[in-house]
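Novice: mind looking at a prediction? Sequence and model below.
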Amino acid sequence: QVQLVESGGGLVQAGGSLRLSCAASGFTFSRMGWFRQAPGKEREFVGTISWNGGSKYYAESVKGRFAISRDNAKNTVYLQMDSLKPEDTAVYYCAASPSNSAITQAETYRTWGQGTQVSVSS
């Protein structure tokens, strides 16, 4: 069964850090992405990493503050979030894509986790 399970969300003060994890089962070596959705807003792209970790791409809003990594031996992808801002508050989702095209588009990603809440207080 193909499944993604996120963990690591929580409440943090502005300027703090969190690391999200996404454990995959039922498949390996896919492009992985992180998206987020704040209340009343559309889901937005955060970042993506290629199957071997050799290529990463980030949204401008998080570039320099967030970093994606993966450990294929553990079938896990990580999102390290530093210098968090209140506007980073959202439910964060990891997703897997079989494609290397349209990597910032949610429609490209076929498998999604259930999401984990990140709240940043000012």
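Specialist: Perfect, thanks for sending it. Residues are numbered from 1 along each chain as shown.
Novice: quickly find the element holding the residue most central in space within the chain.
Specialist: In the chain, the residue lying closest to the centroid (Cα atoms, centre = their mean) is Trp34, at 2.4 Å. Trp34 belongs to strand 31-37 when assigned by DSSP states H and E.
Novice: beta partners for the spatially closest residue to Val5 that is not a sequence neighbour?
Specialist: In space, and not counting its chain neighbours, Val5 is closest to Ala23: 4.9 Å by Cβ to Cβ, 6 or more residues apart in numbering. Where you see a C-beta, it was placed from the backbone N, CA and C, and this is true even at glycine. Counting by DSSP bridges, Ala23 forms beta bridges with Val5, Thr76.
Novice: I'd say Ala23 and Arg70 touch.
Specialist: No: the criterion here is Cβ atoms under 8 Å, and Ala23 misses it with Arg70 at 11.1 Å.
Novice: need the overlap of contacts for those two.
Specialist: Residues touching both Ala23 and Arg70 (Cβ atoms under 8 Å, 6 or more residues apart in numbering): Thr76.
Novice: pull the distance from the strand holding Trp34 to the chain's centre.
Specialist: Here strand 31-37 is found 4 Å from its chain centre; the criterion is Cα atoms, centre = their mean, to the nearest Å.
Novice: packing partners of it?
Specialist: Helices and strands touching strand 31-37, by 3 or more Cβ pairs under 8 Å, 6 or more residues apart in numbering; DSSP states H and E, are strand 18-25, strand 44-49, strand 66-71, strand 76-81, strand 90-97.
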